[in-house]
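Undergrad: Turn this into a model:
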Amino acid sequence: MIIETAQRTRQTSEYYFSVKLAEVRKLIAEGHDVIHLGIGNPDMMPSEQTIDALSEAARKPLAHGYQPYVGTVTYRNAIAAYYQRTYGVTLNPTSEILPLIGSKEGITHISLTFLDPGDEVLVPELGYPAYRAVSKMVGAEVKEYPLREDFGWQPDWIAMEKLVTSRTKIMWLNYPHMPTGAPATRELFEEAVAFAKKHKILLCHDNPYSLVLNKKAPLSILSIEGAKNVAIELNSMSKSHNMAGWRMGWMAAAKPYIDAVLTIKSNVDSGMFWALQEAASAALGNSDEWHAERNAVYQGRLEAAEAFLNTLGCTWDQSQEGMFLWGKLPDSVESAETLVNSLLIEKHVFIAPGFIFGPKGQRYIRLSLCMPKERIWEAVERVRGN
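TA: All right, here's what the predicted structure looks like:
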């Protein structure tokens, strides 16, 4: 006898990469050398000061007990200092910061906190799949809002006016945008905050890419006047500090939003490992030079990734930011799914099809820069048939 699962398991499906990576592992087990350009899994190391801080902290007896649900004072202070230095945003470390086990956890906690069954959530038609999946899991109705390709993949605000109803509760926003790489702009954030205020919507901005190949000063939506009244920002150290597996992130918002989410989060986990928080605090003090060196590596990989797209006949926007490259397929290619499968089976190169980020991505592919440039160039040569 098998006990029937909950209805929510039938409202979503297994994460695409969870399924596809099983195929990749099978090929590797068979002896094939697969070049993995599918996932944004940073392959470079955290800073030396981060590793040293972890090692030192882990040797202290106090490190191994339960920690505060709201994180340590040191970690919250480090986040506040980082926001002031990086974005020019002042946060109260006691009441406006909530450490998270990665920002993906925050998506779930925010949804559990603010959404009732039947509430509506505005999700970009191209975006991180977790926005849709978690909204459905909590019984909310997902409404995809259009992005204008001809206007830098920014929201179509006129069309969005028609999507809002009395049941609309949350809007998810993410710039620099994944998967398109569209940059954040102050004008975009001002319009988003104004839209949220007008319609009394909670604006949730996911901001993990602002320090990766950024072409201008990084932006936080909380730098916009009045944003704290309607906005929550999620951020993490996964991409910006090469710490994806550490699961270190946070939520920044006004005290009422922090307190509300804490009512859910405090019933789900029992705090974060003290040594990780000490190390993350050290990492948040990484120098500008450290970030510049990391971005210089990504820049070299970007050039190889552009050659890969060029070999496939794709086109792309040169203004992209972040650790991915988003390319549009030529008319001669049947579909992204066909191309991805053929490259994996015939060339042993794995890339991500655009449709996993939303239906509008059917004619697009995404390349990750989390692979040494030599390996990306090797993928180029495989595709060229050399």
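
Undergrad: what's the helix or strand hosting residue 204 in contact with?
TA: Residue 204 is part of strand 202-206 when elements are defined by DSSP states H and E. Contacts with strand 202-206, where a contact means CB atoms under 8 Å, 6 or more residues apart in numbering, come from 103, 107, 110, 114, 128, 131, 169-175, 189, 192-193, 195-196, 220-221, 227, 230-234, 257. In this view, the C-beta of every residue, glycine as well, is placed from N, C-alpha and C.

Undergrad: what pLDDT, on average, does stretch 64-72 get?
TA: Mean pLDDT, computed over stretch 64-72, is 94.

Undergrad: nope, stretch 23-30 is what I was after
TA: Model confidence over stretch 23-30, given as mean pLDDT, is 90.

Undergrad: So which bits of it are buried?
TA: Residues residue 24 are the ones in stretch 23-30 that count as buried (16 or more other CB atoms under 10 Å).

Undergrad: just stretch 193-203 next, same as before
TA: Buried positions in stretch 193-203, judged by neighbour count with 16+ other CB under 10 Å: 193, 195-196, 199, 201-203.

Undergrad: Could you list the low-confidence segments of this structure?
TA: Within the chain, the ranges that satisfy pLDDT under 70 run 11-15, 386.

Undergrad: can you give me the helices in it?
TA: For the chain, the helices defined by DSSP state H cover 16-29, 48-58, 73-87, 103-114, 129-137, 157-161, 186-199, 255-265, 274-283, 288-312, 336-342, 373-384.

Undergrad: Just put the ones you listed in TSV and tack on distance to residue 210.
TA: TSV is the format used below for these (distance: least, CB to CB, whole Å):
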stretch	distance to residue 210
helix 16-29	23
helix 48-58	19
helix 73-87	8
helix 103-114	12
helix 129-137	18
helix 157-161	22
helix 186-199	12
helix 255-265	21
helix 274-283	16
helix 288-312	11
helix 336-342	27
helix 373-384	23
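
Undergrad: and among those, the most buried is which?
TA: helix 274-283 (a mean of 24; mean count of other CB atoms under 10 Å).

Undergrad: Which neighbouring elements make contact with that helix?
TA: Helix 274-283 sits against helix 48-58, helix 73-87, with contacts defined as 3 or more CB pairs under 8 Å, 6 or more residues apart in numbering; DSSP states H and E.

Undergrad: So which bits of stretch 57-69 are buried?
TA: 57, 63, 67-69.

Undergrad: So what's the gap between that stretch and the chain middle?
TA: How far stretch 57-69 lies from its chain's middle: 28 Å, per CA atoms, centre = their mean, to the nearest Å.

Undergrad: Can you tell me what sits against it?
TA: Stretch 57-69 has contacts (CB under 8 Å, 6+ apart) with 262, 265-266, 269-275, 277-279.

Undergrad: which one of the helices of the chain lies closest to residue 363?
TA: Comparison of those against residue 363 by CB to CB identifies helix 336-342 as nearest, at 6.7 Å.

Undergrad: Kindly export that closest one (C-alpha atoms) in CSV.
TA: C-alpha atoms of helix 336-342 as CSV (Å, rounded to 0.1, in the frame of the first residue of the first chain):
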residue,chain,number,x,y,z
ALA,A,336,15.5,24.7,-27.6
GLU,A,337,14.6,21.3,-26.3
THR,A,338,15.7,19.6,-29.5
LEU,A,339,19.0,21.5,-29.5
VAL,A,340,19.7,20.9,-25.8
ASN,A,341,19.1,17.2,-26.1
SER,A,342,21.2,16.8,-29.3
